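>>> from the sequence below, what's the structure:
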Amino acid sequence: MRILHTADWHLGRSLEGRSRLVEQAEFIDELVKIVEEEQIDAILMAGDAFDTVNPPAAAEQLFYEGLSRLSDHGRRPIIVIAGNHDNPDRLSAASPLTGNHAIHLIGYPLMDTIKIDVPKAGQKMQVAALAYPSEARLEQILSAEHEEVQLRNKYDEKIREIFGKMSEQFQKDTVNIAMSHIHVAGGSSTDSERPIEVGGAYTVAATSMPEAAQYVALGHLHRPQTIKRASTLTRYSGSPLAYSFSEIGYTKSVTIIEAQPNQPVEIREIPLSSGKPLVKWKATEGITQVHQWLDEGKDANAWIDLQIHLTSTLSIEEIHRLRKWHPGFIHIRPVFEQELEVAATRQANVPIDQLFTQFYEKQTGGAKPEDELIKLFLELVNQEDESEEGDDQ
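Modelled structure (predicted):
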């Protein structure tokens, strides 16, 4: 059985007011082509079909037309679970219609697996499809305590319990898959995901993934990646498009799973080419350098974050002229020479432990490093300084 794993389409999402629907439609076209060329038997879509709980009509139309094309008139089953961006009721509302086409829309967390005939493979598949399991959607209070560590432990226990009960329904003569829309510890995040679910109380341990599943298909993190510490093959397929400038350099892809009942699966990535690239320009030589790049046609089909070094402020006319010359400019951020000098002076006068604390907060989204971690960092710095002094003697 050949299964395709995808997630985090975020249909309807814009980039600072610029619509991405044309790029998203290109992705659907590319996905249909991949599914046909790779002779895919079933599709797993692991959440965040839409970017908001009230998506624009054009995004919904693209979603349902895409599912219709992918399902091949019901001959290719599709399982879609709600993510944290999706409205679970709205997503599952069309189930009476889509169910007749082997399209399963799961809005809320379930306790039973979905048993699916896969006619193209002549086999059966069982899917433990755990839609985004927030505390509200689980309809229970996980912990009376509000300490993050306690809540995280209770949440982790609940996810492990749900997967455990669903795994009991797996059979040896079926392909057994688990899927969810969660943040598993060890995954690398980007600015596109909502921070409370990325690193706070809703983090799940990699060891809580169901060992009885042959493969765990995850959504939520936009970078394609395999979770190494999980006891079974667990993977994020990533988003099909780059949705923030923190995703620059990530190769977008879908994951293909080759599966047989009661056998280890094999996976491979199929890279995607849809959508405009996101790039950063750093014009240290000022506006003249920007004009030169535009004359050269640099990144003509890209969304651009421009940082430009200046001695005086750009006029409104100059900014409009740049945007007219290249409509892909998302940010035009001036950096003045005096600001650079002040920043360098400030950094030179800041103690190294404060610099480490500032760096740690930036990397973790605001978390404070523990005293022991700062102490360890200072010890490493001191060891490096002593080493350098020894080399100089």
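
>>> switch to C-alpha atoms for all contacts and neighbour counts from now on
Will do.

>>> what does the helix or strand that contains residue 330 contact?
Remark: residue 330 resides in strand 329-336, with elements defined by DSSP states H and E. Outside strand 329-336, the residues that touch it by C-alpha atoms under 8 Å, 6 or more residues apart in numbering are 15-16, 303-314, 319, 322-323.

>>> direction included, what does that strand pair up with?
strand 303-310 (parallel) (DSSP bridges).

>>> residues in contact with the partner strand?
Counting by C-alpha under 8 Å, 6+ apart, 245, 276-287, 328-337 sit against strand 303-310.

>>> quick one, helices of the stretch 51-200 of the chain?
Taking DSSP state H, counting those that start in this stretch as the test, the helices found in the stretch 51-200 of the chain are 57-71, 88-92, 95-98, 135-138, 148-167, 195-199.

>>> for residue 257, which of those is the nearest?
Among these, the nearest to residue 257 by C-alpha to C-alpha is helix 57-71 (16.8 Å).

>>> run the chain-centre distance for that closest one.
Remark: helix 57-71 is offset 21 Å from the chain centroid, using C-alpha atoms, centre = their mean, to the nearest Å.

>>> now do the buried residues in it.
For helix 57-71, the buried set under the neighbour-count rule, 16 or more other C-alpha atoms under 10 Å, comprises 59, 60, 62, 63, 66, 67, 68, 70, 71.

>>> same check on stretch 157-177?
158-160, 162-164, 166-167, 169-170, 174-177.

>>> give me the residues contacting that stretch.
Contacts of stretch 157-177 (C-alpha under 8 Å, 6+ apart): 111-113, 123-128, 133, 142, 178, 204, 208-210, 212-217, 259-262.

>>> ditto for stretch 241-251
Here stretch 241-251 has contacts from 9, 15, 24, 190-192, 222-224, 252, 271-272, 274-275, 277-280, 305, using C-alpha under 8 Å, 6+ apart.

>>> inside helices: which ones of these?
Among those, the members found in helices (DSSP state H) are residue 24.

>>> now the contacts of stretch 241-251: which count as buried?
9, 24, 190, 192, 222-224, 252, 272, 274-275, 277-280, 305.

>>> before we move on, the earlier item: buried ones in the strand holding residue 330?
329, 330, 332, 334, 335.

>>> do you know how far the second one is from residue 279?
Applying C-alpha to C-alpha, to the nearest Å, one obtains 10 Å for the distance of residue 330 from residue 279.

>>> which residue packs closest to the spatially most central residue of the chain, ignoring adjacent ones?
Nearest residue to the geometric centre of the chain (C-alpha atoms, centre = their mean): residue 222, 1.8 Å. Residue nearest to residue 222 in three dimensions, not counting chain neighbours: residue 238, with 4.1 Å by C-alpha to C-alpha, 6 or more residues apart in numbering.

>>> tell me who's in contact with that neighbour.
Here residue 238 is in contact with 6-8, 219-225, 252-254 (C-alpha under 8 Å, 6+ apart).

>>> any regions of the stretch 51-200 of the chain where pLDDT drops low?
Scanning the stretch 51-200 of the chain for pLDDT under 70 picks out 140-148, 187-200.

>>> again, 80 this time
135, 139-152, 186-200 (pLDDT under 80).

>>> okay, now residue 86: neighbour count?
Residue 86 has 22 neighbours, counted by other C-alpha atoms under 10 Å.

>>> use 269 as the first number for this chain going forward.
All right, first residue 269 from here; so that's residue 354.

>>> picking up where we left off before, please check the contacts of stretch 425-445 and keep the buried ones.
Among the contacts of stretch 425-445, the ones that count as buried (16+ other C-alpha under 10 Å) are 380-381, 391-396, 401, 410, 446, 472, 476-478, 480-485, 527-529.

>>> next step: those restricted to strands.
391, 392, 393, 394, 395, 396, 446, 472, 483, 484, 485 (DSSP state E).

>>> who's in contact with the first one?
Residues touching residue 391, when contacts are defined by C-alpha under 8 Å, 6+ apart, comprise 269, 385, 442, 443.

>>> so what's the second one bridging to?
Residue 385 has the following beta-bridge partners by DSSP bridges: residue 392.

>>> wait, it touches residue 393, no?
Yes: here residue 385 reaches residue 393: they are 6.4 Å apart, a contact under C-alpha atoms under 8 Å.

>>> and residue 400, what does it touch?
Residue 400 neighbours (C-alpha under 8 Å, 6+ apart): 315, 349, 350, 351, 352, 376, 377, 448, 449, 450.

>>> perfect, that will be all.
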